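Enquirer: Next comes the sequence, and after it the predicted model I'd like to discuss.
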Amino acid sequence: VVLIVMGAFTFGLPAILSMYLFRHRHELYSAKVYQQIGWMYEAYTKGSEWWQIHDVILKMLLTGMLIYIPTTSRAAFAALICMITIASVNYFHPHKNNVLFWLTQLSFMLTGAKYIVALAIVANVENPDDIVTMGRLLIGMDVAFIVGSCIAMVLVVVLVKTRVNAITRDLKNGASPRAL
């Protein structure tokens, strides 16, 4: 039963959503389709409605599929996935929100760099001083990502507050609110 449920959610759900998006690709913004599945692509730019499925598959590869890769190749495989993802994020620019776009960039750059550092650690096992230095580098990258995430959260709050203030000001002045 567990294998059936795991297979259905891991492979079946992304496959069904992909087929639905493909079948209705010309009418994704019609009222009927948007009400049914618009939640999945409303945060993405037109032409990148499939990005949520891309994210699910990517996360499945980076978290679940790596255990099936030989131990000596895992870090290289994961670094390659991160680099391909960085390229696809830059090519498709799927996020409507630029803060989220840059946070995604930072996230995959740091994740890919961590896997590359892991490759360097495996290649340089003999020298403990180098391993300590690389460990500090990994911790520094985690701190950089946490700081970047906090900055992004503050920026989002400031942007939302600015929009709300602009809409409130427009309503007080009797004008129609600016489009979000």
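Expert: Great, that's in hand.
Enquirer: Now the residue nearest the centre of the chain: closest residue in space, sequence neighbours ignored.
Expert: Centroid-nearest residue in the chain, with CA atoms, centre = their mean: T104, separated by 5.3 Å. Nearest residue to T104, sequence neighbours excluded (CB to CB, 6 or more residues apart in numbering): V89, at 5.7 Å. For glycine as for every other residue, the C-beta is placed from the backbone atoms N, C-alpha and C.
Enquirer: swap in A144?
Expert: L110 (6.6 Å).
Enquirer: from the chain's centre, how far out does the helix or strand that contains the one you found sit?
Expert: Assessed by DSSP states H and E, L110 sits inside helix 98-123. Mean-position distance between helix 98-123 and its chain equals 12 Å (CA atoms, centre = their mean, to the nearest Å).
Enquirer: so what's the residue nearest to A144 up against?
Expert: Taking CB atoms under 8 Å, 6 or more residues apart in numbering, we find L110 in contact with M141, D142, A144, F145.
Enquirer: S18 too?
Expert: Applying CB under 8 Å, 6+ apart, the residues near S18 are W50, I53.
Enquirer: okay, the angle between the longest helix anywhere in the chain and helix 98-123?
Expert: Assignment by DSSP state H gives helix 128-172 as the longest helix of the chain. Here helix 128-172 runs at an angle of 170 degrees relative to helix 98-123 (axes from the mean of the first three to the mean of the last three CA atoms, to 10 degrees).
Enquirer: and helix 128-172, how far out from the chain's middle?
Expert: Chain-centre distance of helix 128-172: 15 Å, with CA atoms, centre = their mean.
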